[in-house]
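A.B. asks: what's the 3D shape of this:
(chains A, B and C)
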Amino acid sequence: MRSLIDITDLTVEETEELLNTASDIIENPEKYSEACKGKKLATLFFEPSARSRLSFEAAMIELGGSVIGVSSAENCSASKGESVADTAKVLSCYADIIAMRHPKEGAPLVAALNASIPVINAGDGGHKHPTQTLADLLTIKREKGRLNNLTVGFCGDLKYGRTVHSLIAALSRYTGIKLVLISPTELKIPTYVKKDFIERCNMEYVETTDLEGSLGSLDVLYMTRIQQERFSDRAEYERLKDVYILTEEKMKKAKSDMIVMHPLPRVNEISVGVDNDSRACYFKQVYNGKIMRMALILKLLKEAEDKAPYKAEGNKYEGYRCVNPRCITSVEQELEHRFAPSKNGGEVLRCIYCDKKAVKKD
Amino acid sequence: MRSLIDITDLTVEETEELLNTASDIIENPEKYSEACKGKKLATLFFEPSARSRLSFEAAMIELGGSVIGVSSAENCSASKGESVADTAKVLSCYADIIAMRHPKEGAPLVAALNASIPVINAGDGGHKHPTQTLADLLTIKREKGRLNNLTVGFCGDLKYGRTVHSLIAALSRYTGIKLVLISPTELKIPTYVKKDFIERCNMEYVETTDLEGSLGSLDVLYMTRIQQERFSDRAEYERLKDVYILTEEKMKKAKSDMIVMHPLPRVNEISVGVDNDSRACYFKQVYNGKIMRMALILKLLKEAEDKAPYKAEGNKYEGYRCVNPRCITSVEQELEHRFAPSKNGGEVLRCIYCDKKAVKKD
Amino acid sequence: MRSLIDITDLTVEETEELLNTASDIIENPEKYSEACKGKKLATLFFEPSARSRLSFEAAMIELGGSVIGVSSAENCSASKGESVADTAKVLSCYADIIAMRHPKEGAPLVAALNASIPVINAGDGGHKHPTQTLADLLTIKREKGRLNNLTVGFCGDLKYGRTVHSLIAALSRYTGIKLVLISPTELKIPTYVKKDFIERCNMEYVETTDLEGSLGSLDVLYMTRIQQERFSDRAEYERLKDVYILTEEKMKKAKSDMIVMHPLPRVNEISVGVDNDSRACYFKQVYNGKIMRMALILKLLKEAEDKAPYKAEGNKYEGYRCVNPRCITSVEQELEHRFAPSKNGGEVLRCIYCDKKAVKKD
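C.D. replies: Below you'll find the model as predicted:
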């Protein structure tokens, strides 16, 4: 493994190893202050995300390395139509590791398949964002002391929230996890997440629209934002939005050791008053995200020494194509469409870049 | 004191200490080349200002530290509605000190009140820009040998020029300063600057529209630009603009040891021909700005070790609010309006963020 | 010589010295890893070019130096009308060397004439881009073992391609170079390139529209892109574009040791299938570009120690002016127009900034 595209690219053992390295970094930062001396991280952000970018940059600098980078504005205007593959090959001449955010699903995978250095997926459209999940896992581990035997509530937009899907995928590999999926009916968790992770791994779960009534049972509450544009009916949005705002009042119903998480940025889905509650852990997540990125960069640079190219499963299936307009295959004409069978064991073929079902050509 | 929001946050003694450190940096740069090793400056520029940003970055790098940053373009498009308070908390996880420029008045104060690391105001709208004033003070000190007993002319736009107001505030604490305020009638110094600083400190001053006639008396001439958009009457602008352009011809009327200053960028208010005059000090100001930012970063990082939170005076006054559309309170809904009595000893309540008068609610 | 504006600013001996330094850097990178410790490169990109900027940044970091910089987006919005001369003077207070890209021809020369530190032209409009040429020379030297006695084919847009003109200028100083100039009639090499370099240096050359038929004779093939917007007749473009695409099929007609070069980004003028051919050297050019920039930075910083100002030939000629709308003189009102006689020995006066012919005022 030389790149991180999806959280499940890491085995449970490798994840454990990263969590242990992270703890060691927190306790002995000086041990790592020159660990990446002479190494360069390239931050390739083709979509704006100052927070993620700064987290990667801070991580590399705290390891004694350097950063070169591209932020979105420059690229939007500069775009000369270069392929992601060529960009990855060029950056391989300048840096030792790439952190890439891209508006198209699967673009970081294309980069990983073409670069001669490790690539970290720093978010590909609404698809995946594995380093956020690493931050979430470290936060749960440090605050609760374990990653198994937990009742975890996810609240808000469970339909489009990639951080929710990714954390559920990660938790599906631990035992004794019970999920409480709290959302308006319009924003329920998608079927494929249920099938591929929750049901395939026999996780216990309940679906509910009731935040207040669920609070008392939770060890972890993972909040996300409900965006107005997700609702076709504005009145419905107005009726619902306050129900899913976490307030000091609602916090009284939660366990005294429940932790509150949020991937940030937060708008108003958690009242500012909750920030002073010792159970509020969302700014700790930010810190933990930097630490996990340090652990990840260390691991990938170490494994890069073997020079073996990154490989992905999947093949060309004659007669099939991907028609997802958000997939990188939709914009790069020379990119071969590749598919692999679905993880839930069914016979469905999925695009290796965006995970959408393959479509048979006429 | 752990943040610098307004030039008067620094006592005269502290300012003196910074000036002395600056002199030592100029004479012994190698002594400071690793003074901030392992420390990170975050440059948060929510409004473009390449010059100021590069000055901060160069300063931190010359101290052996590192820089992470956000420039305006990225944020404009990225804006996901995060509050300044949250941004400050997040950045506190990544960096050791923040330099912040923001289009809204008072935003850096909000950041300072929420960050757990020092914040430097690198310009908040047309409000304050204290590190420019530090550059100005070092330039006067080094070129004239003193900060008292000087006749200082300010020329141009004295109404909107924040660098002018800030330097007057700083000089008001020294003795023997005589001000010559040279501007068109439309752009005279505002009443509150006169009351709060010039008159409260019993500074000698004259107001005039005549640059040429004033030149002979000055030890220091501080030029600023007159922008056409400040005039409602275009003919008036056309009539006046050349009067306030400093030329080689006019320089003949000035003392042989008068110094010419300008906060830059200059458009045409100082002829290029003046650049070769040894009295022209505006590029020295640029250099001095970098040095004073080095001294300031050193001081703030040292004082940050005590971990005490930054505090600002002011209270919530029931029934009062700030209605300044350029104030940070106008855009951040959850930010409590806070007020403090005016510095000139009157009973006027002023917003702690933007210094505008509090308004009684109906 | 303290700045690099045009490739011919370097003598053949100096170029040789840079090529030798580059080879040494490739073989002994650790020898150079702290060569620029404590030095700062300012990347001033007033036009977007992430690739060039990252190459300069990577180069400086691999020399142990630091980088501060401005990218285009920021400047477009920030523009306060500061002259290039002032910008150069300001940056001289912050950095030790400048790499500047600017949309106007001659802007880096203006910067060099005003800065007190070395300036590298990183591209000025469609005019010059000398560090790309250094990358090209190193690639030819390393792959072919020599810079003389070569048959070099240039294919595509030879009219507007600044990299083509610049490499021809550089090669004109070596012996035994034969040029094969392959392009549609609309995009033939300009007359001044022929006169000033090819004919003045008695280089052997042929002009042809036939890529396929020329391939067998070439030691080096330099590909460039044909842009649709260069054609007034769309049908003509459609008819021609495939003829100038290099494919695996066409590569069969080339010598087994011919090398393929391209300044990148490539769109489709070289098929992706060619990438796996061992004769494809365009990604090696990227790597070589970084190495040559390292060699150049080292050389310029060393020569900067003498503090002598950069000088350019040329004088004010009464009655002449430059009317090129892409020249820096077209936007900077206070910049004196200066001219020098053409290099081909004729009596034509050319603007020292953009090389266009001087025009007699009425």
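A.B. asks: Spatially central residue for chain A, please.
C.D. replies: The centre of chain A sits closest to residue A:129, judged by Cα atoms, centre = their mean, with a distance of 2.4 Å.
A.B. asks: Could I get the contacting residues of that one?
C.D. replies: Taking Cβ atoms under 8 Å, 6 or more residues apart in numbering or on different chains, we find residue A:129 in contact with A:52, A:121-123, A:162-163, A:166. Every residue, glycine included, has its C-beta placed from N, CA and C.
A.B. asks: In the stretch 1-150 of chain A, where is pLDDT below threshold?
C.D. replies: Where the stretch 1-150 of chain A drops to pLDDT under 70, the residues are A:1, A:72-80.
A.B. asks: How about the contacts made by the residue of the stretch 151-300 of chain A found nearest chain C?
C.D. replies: Going by Cβ to the nearest Cβ, chain C is nearest to residue A:297 of the stretch 151-300 of chain A, at 16.1 Å. Residue A:297 makes contact with A:36, A:41, A:59-60, A:63, A:65, A:97, A:120 under the criterion Cβ under 8 Å, 6+ apart.
A.B. asks: same thing with residue A:326?
C.D. replies: Counted by Cβ under 8 Å, 6+ apart, residue A:326 has contacts A:104-105, A:125-127, A:354.
A.B. asks: most neighbours, which of those residues?
C.D. replies: Greatest neighbour count in these, by other Cβ atoms under 10 Å in any protein chain shown, goes to residue A:127: 27 neighbours.
A.B. asks: Spatially nearest residue to that one (excluding sequence neighbours)?
C.D. replies: Spatial nearest neighbour of residue A:127, chain neighbours left out: residue A:105 (4.0 Å); criterion: Cβ to Cβ, 6 or more residues apart in numbering or on different chains.
A.B. asks: Give me the distance between the one you found and chain B.
C.D. replies: Applying Cβ to the nearest Cβ, to the nearest Å, the value for residue A:105 to chain B is 20 Å.
A.B. asks: what does residue A:202 give?
C.D. replies: The gap separating residue A:202 from chain B is 37 Å, by Cβ to the nearest Cβ.
A.B. asks: tell me which residues of the lengthiest helix in chain A are tucked away?
C.D. replies: Using DSSP state H, we find that the single longest helix of chain A is helix A:282-303. Buried residues in helix A:282-303, defined by neighbour count with 16 or more other Cβ atoms under 10 Å in any protein chain shown: A:282-301.
A.B. asks: And stretch A:175-191, by the same measure?
C.D. replies: Here stretch A:175-191 shows A:177-184, A:187-189 as buried, counting by 16+ other Cβ under 10 Å.
A.B. asks: again with stretch A:152-166
C.D. replies: A:152-159, A:161-166.
A.B. asks: Save those as TSV, and put in secondary structure, pLDDT and distance to chain B too.
C.D. replies: Converted to TSV, those look like this (DSSP: H, G, I helix; E, B strand; the rest coil; pLDDT from 0 to 100; distance: Cβ to the nearest Cβ, whole Å):
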residue	secondary structure	pLDDT	distance to chain B
A:152	strand	98	23
A:153	strand	98	22
A:154	strand	98	20
A:155	strand	98	19
A:156	coil	95	15
A:157	coil	94	14
A:158	coil	96	19
A:159	coil	93	19
A:161	coil	89	14
A:162	helix	90	15
A:163	helix	94	14
A:164	helix	96	17
A:165	helix	95	20
A:166	helix	94	19
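A.B. asks: between those residues, which is closest to residue A:9?
C.D. replies: residue A:166 (11.6 Å; Cβ to Cβ).
A.B. asks: Spit out the contact partners of that closest one.
C.D. replies: Residues near residue A:166 by Cβ under 8 Å, 6+ apart: A:7, A:128-130, A:132-133.
A.B. asks: switch to 6 Å and redo it
C.D. replies: With contact taken as Cβ atoms under 6 Å, 6 or more residues apart in numbering or on different chains, residue A:166 is in contact with A:7, A:133.
A.B. asks: State the distance from it to residue A:56.
C.D. replies: 17 Å (Cβ to Cβ, to the nearest Å).
A.B. asks: and residue A:151, what are its bridge partners?
C.D. replies: Beta bridges link residue A:151 to residue A:178, judged by DSSP bridges.
A.B. asks: Relative to residue C:148, how far out is it?
C.D. replies: 77 Å.
A.B. asks: who's more crowded, those two?
C.D. replies: Higher neighbour count among residue A:151 and residue C:148: residue A:151, with 19 against 11, using other Cβ under 10 Å.
A.B. asks: Quick one: name whatever helix or strand follows the longest helix of chain A.
C.D. replies: Moving toward the C-terminus from helix A:282-303, the next helix or strand (DSSP states H and E) is strand A:320-321.
A.B. asks: What's the first helix or strand after that following strand?
C.D. replies: Using DSSP H and E, the helix or strand that follows strand A:320-321 in sequence is strand A:339-341.
A.B. asks: Which elements pack onto the helix or strand following that next one?
C.D. replies: Counting by DSSP H and E, the element after strand A:339-341 in chain order, helix or strand, is strand A:349-351. With contacts taken as 3 or more Cβ pairs under 6 Å, 6 or more residues apart in numbering or on different chains; DSSP states H and E, strand A:349-351 sits against no other helix or strand.
A.B. asks: Name the surrounding residues that touch strand A:349-351.
C.D. replies: By Cβ under 6 Å, 6+ apart, strand A:349-351 touches A:322, A:339, A:342, A:358.
A.B. asks: Leaving out the residues flanking it, which one is nearest to the third one?
C.D. replies: Pointing back at residue A:342 there. With sequence-adjacent residues excluded and distances taken as Cβ to Cβ, 6+ apart, residue A:342 is closest to residue A:348, at 4.3 Å.
A.B. asks: rewinding a little: wait, which of the contacts of residue A:129 is closest to residue C:16?
C.D. replies: For the contacts of residue A:129, the minimum distance to residue C:16 (Cβ to Cβ) is 43.1 Å, reached by residue A:122.
A.B. asks: My guess is the residue nearest to residue A:342 contacts residue A:340. True?
C.D. replies: No - using Cβ atoms under 6 Å, residue A:348 is not in contact with residue A:340; the gap is 10.1 Å.
A.B. asks: Can you pull the residues of chain A lying near chain B?
C.D. replies: With Cβ under 6 Å from any Cβ of the partner chain as the criterion, chain A comes near chain B at residues A:48, A:50, A:54, A:57-58, A:61, A:71, A:73, A:265, A:267, A:272, A:283, A:286-287.
A.B. asks: The residue in the stretch 151-300 of chain A that chain B sits nearest to in helix, strand or coil?
C.D. replies: Nearest residue of the stretch 151-300 of chain A to chain B, counting by Cβ to the nearest Cβ: residue A:265, 3.8 Å away. Under DSSP: H, G, I helix; E, B strand; the rest coil, residue A:265 falls in the coil class.
A.B. asks: neighbours around it, how many?
C.D. replies: 17.
A.B. asks: Disregarding flanking residues, what is the spatial nearest neighbour of it?
C.D. replies: residue B:82 (3.8 Å).
A.B. asks: do residue A:103 as well
C.D. replies: Counting by Cβ to Cβ, 6+ apart, the nearest residue to residue A:103 once its immediate chain neighbours are dropped is residue A:47, at 4.6 Å.
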